[in-house]
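*Asks:* Whatever this is, show me its structure:
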Amino acid sequence: MNGEKSSPQSKSPFWQDKNVRQALALAIDRKAMAENLYGAGGSATNTVIPTIWEGLPWQYDPKQANALLDAAGWKMGSDGIRAKDGVSFSITFRTSVNAVRDKESQLIKNNLKAIGINVDLRPVDAGVFFGLPDNPDNLARFETNLEMYTNGASFPDVQSLQATYTSDQIAQKSNGWKGTQVMRWTNPEYDQTIKEMTTTLDPAKRLELFKKADSILMGDYAVIPLVARAGLACYTKGLTGVNLTSWDSDLWNTAHWAKP
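*Replies:* The predicted model follows:
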């Protein structure tokens with residue numbers, strides 16, 4: 001768009017239709033991913049704030065995903081790949097090189113192939129993917145159709161995380177790709193919810209705003225959560241006073257531990 005790749009003004013030939021984005025969410029087997037690749041260390045999820053709530057209901061349903069793509073005009077070809085208006089549903093999917101992520105990528109590729117979407121995997125060295133945005137393979141540049149990385153709240157109050165998805169945070173050439181919102185997604189209702197959050201102090205109201213913002217994000221299928229990764233720890237049977245938290249070291253209150 002005007003000589004700029006990944007411009008916020010450009011329109012994806014695949015993701016403009018919400019039904020197609022929903023089909024993508026339905027087609028990925030998050031439960032299999034969590035159980036086979038993470039075990040007790042992770043659980044399938046449909047929220048970016050799993051410390052707050054379980055998120056909107058979701059399911060793995062390739063049959064419904066196929067139906068949504070059919071209705072959206074993406075017809076299955078003889079080669080098993082869908083196409084619409086002369087455009088093949090062939091996409092590129094990028095993430096950093098990592099043993100677990102490689103397996104996740106392959107699972108997603110297989111899931112999408114089952115509904116007629118061809119996926120070209122392009123793993124990127126972590127130093128590049130998470131490095132400076134002057135490299136087109138940097139995650140902020142997002143010059144592919146899909147990309148995957150880990151993100152999460154750094155504090156019990158999740159406002160700072162949710163604010164990274166507002167439209168004024170879109171990463172683009174004009175801001176040196178320093179914005180925190182890489183999907184180039186715009187939703188006025190979401191922006192307004194985050195704005196209201198910044199002036200709301202009542203804890204109960206804040207909780208409802210956290211859930212509302214997450215519901216908008218999930219309901220528009222701008223982000224597809226996969227696995228909520230849990231912290232793992234073990235301690236001697238009978239040890240008392242242990243109070244584990246996601247927000248500090250497992251040893252934060254050792255002064256209160258008592259041996260068996």
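*Asks:* which one's the longest helix in the chain?
*Replies:* Counting residues, the longest helix found in the chain (DSSP state H) is helix 203-219.
*Asks:* and that one, what's its mean pLDDT?
*Replies:* Computed over helix 203-219, the mean pLDDT rounds to 98.
*Asks:* Could you list the alpha-carbon positions for that helix in CSV?
*Replies:* In CSV, the C-alpha atoms belonging to helix 203-219 read as follows (Å, rounded to 0.1, in the frame of the first residue of the first chain):
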residue,chain,number,x,y,z
PRO,A,203,-12.2,-3.3,41.6
ALA,A,204,-15.5,-4.9,40.7
LYS,A,205,-16.1,-2.6,37.8
ARG,A,206,-12.5,-3.1,36.6
LEU,A,207,-13.0,-6.8,36.6
GLU,A,208,-16.1,-6.5,34.4
LEU,A,209,-14.2,-4.2,32.0
PHE,A,210,-11.3,-6.7,31.8
LYS,A,211,-13.8,-9.4,30.8
LYS,A,212,-15.6,-7.1,28.4
ALA,A,213,-12.4,-6.1,26.6
ASP,A,214,-11.3,-9.8,26.4
SER,A,215,-14.8,-10.8,25.0
ILE,A,216,-14.5,-8.2,22.3
LEU,A,217,-11.1,-9.3,21.3
MET,A,218,-12.1,-13.0,21.3
GLY,A,219,-15.5,-12.4,19.7
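*Asks:* Point out the other helices and strands that that helix packs with.
*Replies:* Judged by 3 or more C-beta pairs under 8 Å, 6 or more residues apart in numbering; DSSP states H and E, helix 203-219 is in contact with helix 159-162, helix 188-197. For glycine as for every other residue, the C-beta is placed from the backbone atoms N, C-alpha and C.
*Asks:* Check the offset of the following helix or strand past it from the chain's centre.
*Replies:* Using DSSP states H and E, the helix or strand that follows helix 203-219 in sequence is strand 227-229. With C-alpha atoms, centre = their mean, to the nearest Å as the basis, strand 227-229 stands 10 Å off its chain's centre.
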